[in-house]
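Engineer: 3D, please:
(2 chains)
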Amino acid sequence: MRLSLGPLLYYWSREDTLAFYRDALTWPVDIIHLGETVCSRRHLLRQADWLELAEAVAAAGRQAVLSTQALIESESDLKALRKLIGWAAQWREDGHPALLVEANEWGAARLLARAGVAFVAGPTLNVYNPDTLALLADMGARRWVPPVEMPRDMLMAMRASPAWPAGMQTELFAYGRLPLAYSARCFTARHYNLQKDDCQFRCLDHPDGLTLATREGEDFLALNGIQTQSARVMSLAHRCDELRAAGVDILRLSPQSRHGARVVAAFRALLDGTLTPAQAHDRLTRLMPAAPCDGYWLGDAGMAWLARTVAHDLTPTPEELTP
Amino acid sequence: MTRPLLELICPAGSLPALKAAVDHGADGIYLGLKDNTNARNFSGLNFDTKTLAEGIRYAHAKGAKVLMALNTYPQPATLARWHAAIDTAAASGIDAAILADPGLMAYAVRHHPQLRLHLSVQGSATSYEAIEFYRERFGIQRAVLPRVLSLAQVENVITHTDVEIELFGFGGLCVMVEGRCLLSSYACGDSPNTFGACSPGHAVRWQQTPEGMETRLNGVLIDRYADHEKAGYPTLCKGRFAVGGETYYALEEPTSLNSLELLPDMARLGVAAIKIEGRQRSPAYVAQVTQVWRAAIDAVKRDAGRFKPHPAWMSALDKVSEGSMHTLGAYYRPWK
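Structural biologist: Down below sits the predicted model:
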């Protein structure tokens, strides 16, 4: 299995973002996603900056993937999307190492198919069956990311289907706060009694999202602008053998504001066999901004923490639950 | 062929609701089968082949269309169920099927090329580029837009596609992009995409406690109500939560969408149809809402320039609204 760094879902300062990617180029990951997928108002990195980063990623011998915005609302959103796809097409013509684009809604998939650019079918395309995946393969998808709620058994049934497109790579969201929902409304702005159009970029103050708790104090969700995430951190390191058996080719690690290098190192050691799944998990729980969850993978509530097949009891200690 | 304008599309979770919609002036009724092939998979709701046949007969006799929602996402182990539902839809004589999944559309086109297809709101298509994908590949003739675009953005979609555009007019308000919300499965394992319901009844608990009435979804406290407050259904995006030390409706208030006052704009933009939400609601709700919207749409068609929402219409709608409150939602930009 290979490791991929997912798109940065949060809004960090320009300096922090560039520093993050400067570091990431030295991490043992195979694929690095770039681009703004959540909110068109986030502008500290322009498209030209992302393209420059893509060149740096390619020069460092990693695969660069430009990830597209999941919710397209306006003509200017479409313009940005077309420009990005135009660049990918140009790279291919110029004989650069291939630059992949991740399509996160069907308009992007259509434009990529038209441009003849190979692409990644992102997690918000809602691919729940092999027929839809085969259609995407016909359009030029070489890789897909299942919806984050897809359980192991459904993924295995997809792969066992005669309609499964040969050569399709599966990239699974394996670590990070789960992106769960998108809205026209900005919940971070709402928290500050601001309108979205005058949000004052408050996302900058919440580099891992703004935690939402129930009225009895249970951390439940995390607000990230128009995106709602899980408060808990999905982690499937302890189920590594199962992921391999289910035919997962790539593990997606979602960026967080701290300990990025150590998260990647734990997964690398896991894949290299120098850490057992249980050891990797032990290490990761100390690096998470919140408690872990793994329920989706076993077909349970996403927020559940089951960890059934791990060699020893991995119930987080109270210390681990308070980062 | 003249393009439709402001067709009134009403919900039916049962035969009595369908009859109420037809009798009160709906141009079309949408319904679903009794399983997870549609996004209102609640017990006691929806149609079997017998009630479907009777409903279609009743509607067609009075000149109303019947649309069938098959708008969840088929899964590999149970794909045959969705295919059978498409076959049932095509054989039943419905006027259109409302689909979200491209793979299922491919099946429908291959096996029932004469079946008219609409793109469900669960398909999450918010741009004309996405809508054109479904038109080019599957010949969809209508798309229902998610409740996220402002009117100016709706106009931009309409000017760039020949696909008819249907908008939500009234009813429960999803604050998230439909088809792009996994909050329900995160809390309880079942999502609209795969199970066909958000915050499903089997996961809901109501409990009177010394602190007040508590509503829970799979154990997660969604809200707690003081004695003078009316407890609402624990739809999880409409609960009160604590963020940064403040407890409030962090995502959305328990409120309904009511865009009635925008009807003249919708007519000007060429919106083909208005959808009323509420297949889980009673026949009395369907009758009341259909009657008001029929009168309002007729008034706009007579003279859009002089259209004013009648106070009696608005109060009748507020009475059946969630929390007795309404909002223009995303159509009105400051809501965002």
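
Engineer: what ranges do the helices span in the stretch 101-250 of chain B?
Structural biologist: Ranges of helices in the stretch 101-250 of chain B, per DSSP state H, counting those that start in this stretch, are B:102-111, B:128-138, B:151-159, B:183-188.

Engineer: Then chain A?
Structural biologist: A:14-24, A:47-59, A:75-93, A:106-115, A:130-139, A:152-160, A:187-191, A:240-245, A:260-272, A:277-285, A:318-321 (DSSP state H).

Engineer: which one of these lies closest to A:Gly167?
Structural biologist: For the helices of chain A, the distance to A:Gly167 is smallest for helix A:130-139, at 8.0 Å, taking Cβ to Cβ. Placement of C-beta: from N, CA and C, glycine included.

Engineer: what about dumping the CA coordinates of that closest one to CSV?
Structural biologist: What follows is helix A:130-139, C-alpha atoms only, in CSV (Å, rounded to 0.1, in the frame of the first residue of the first chain):
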residue,chain,number,x,y,z
PRO,A,130,-19.5,-0.8,-9.3
ASP,A,131,-21.7,0.4,-12.2
THR,A,132,-21.1,4.0,-11.3
LEU,A,133,-17.4,3.3,-10.8
ALA,A,134,-17.2,1.6,-14.2
LEU,A,135,-18.8,4.7,-15.8
LEU,A,136,-16.1,6.9,-14.1
ALA,A,137,-13.4,4.5,-15.4
ASP,A,138,-14.8,5.1,-19.0
MET,A,139,-14.5,8.8,-18.4
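
Engineer: what's the model's confidence in that helix, averaged?
Structural biologist: Average pLDDT, helix A:130-139: 98.

Engineer: List the buried residues of it.
Structural biologist: A:Pro130, A:Asp131, A:Thr132, A:Leu133, A:Ala134, A:Leu135, A:Leu136, A:Ala137, A:Met139 (16 or more other Cβ atoms under 10 Å in any protein chain shown).

Engineer: Now narrow these to whatever sits close to chain B.
Structural biologist: Contacts with chain B within the buried residues of helix A:130-139, counted by Cβ under 8 Å from any Cβ of the partner chain: A:Pro130, A:Asp131, A:Thr132, A:Leu133, A:Ala134, A:Leu135.

Engineer: related to what we said a few turns ago, tell me the most buried of the helices of the stretch 101-250 of chain B?
Structural biologist: Greatest average neighbour count among the helices of the stretch 101-250 of chain B goes to helix B:183-188 (a mean of 28), per mean count of other Cβ atoms under 10 Å in any protein chain shown.

Engineer: ok, and what's touching that one?
Structural biologist: Applying Cβ atoms under 8 Å, 6 or more residues apart in numbering or on different chains, the contact partners of helix B:183-188 are A:149, A:178, A:180-181, A:220-221, A:228, A:230, A:296, A:301-303, B:176, B:190-195, B:197-200, B:203, B:217-218, B:220, B:236-237.

Engineer: just to revisit the earlier point, next, format the ones next to chain B among the buried residues of helix A:130-139 as TSV and append distance to B:His228.
Structural biologist: Shown next, in TSV, are those (distance: Cβ to Cβ, whole Å):
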residue	distance to B:His228
A:Pro130	53
A:Asp131	53
A:Thr132	49
A:Leu133	52
A:Ala134	56
A:Leu135	54
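
Engineer: picking that back up, which of the contacts of helix B:183-188 fall in strands?
Structural biologist: By the criterion of DSSP state E, membership of the contacts of helix B:183-188 in strands covers A:Leu178, A:Leu180, A:Ala181, A:Phe220, A:Leu221, A:Thr228, A:Ser230, B:Met176, B:Leu217, B:Val220.

Engineer: quick check, nearest of those to B:Ala295?
Structural biologist: Nearest to B:Ala295 out of the ones in strands among the contacts of helix B:183-188 is B:Met176 (Cβ to Cβ; 31.5 Å).

Engineer: So the spatially most central residue of chain B versus B:Val320, what's the distance?
Structural biologist: Central residue of chain B (Cα atoms, centre = their mean): B:Glu277, 4.2 Å from the mean position. Per Cβ to Cβ, to the nearest Å, B:Glu277 is found 11 Å from B:Val320.

Engineer: do B:Leu328 as well
Structural biologist: 17 Å.

Engineer: and if you look at B:Ala304?
Structural biologist: Counting by Cβ to Cβ, the gap from B:Ala304 to B:Val320 is 26 Å.

Engineer: Which residue, other than its chain neighbours, is closest to residue 203?
Structural biologist: All of this is about chain A. Among residues not flanking A:Cys203 along the chain, A:Tyr11 sits closest, at 3.9 Å (Cβ to Cβ, 6 or more residues apart in numbering or on different chains).

Engineer: try again with chain B
Structural biologist: Going by Cβ to Cβ, 6+ apart, B:Ala203 has B:Cys188 as its nearest residue, at 3.9 Å.

Engineer: which ones are touching the residue lying farthest from the centre of chain A?
Structural biologist: Farthest-out residue of chain A from its mean C-alpha position, per Cα atoms, centre = their mean: A:Glu216, at 29.9 Å. Listed by Cβ under 8 Å, 6+ apart, the contact set of A:Glu216 reads B:Leu221.

Engineer: Looks like A:Leu180 contacts A:Ser230 (just checking).
Structural biologist: Yes. Here A:Leu180 lies in contact with A:Ser230, judged by Cβ atoms under 8 Å, at a distance of 5.9 Å.
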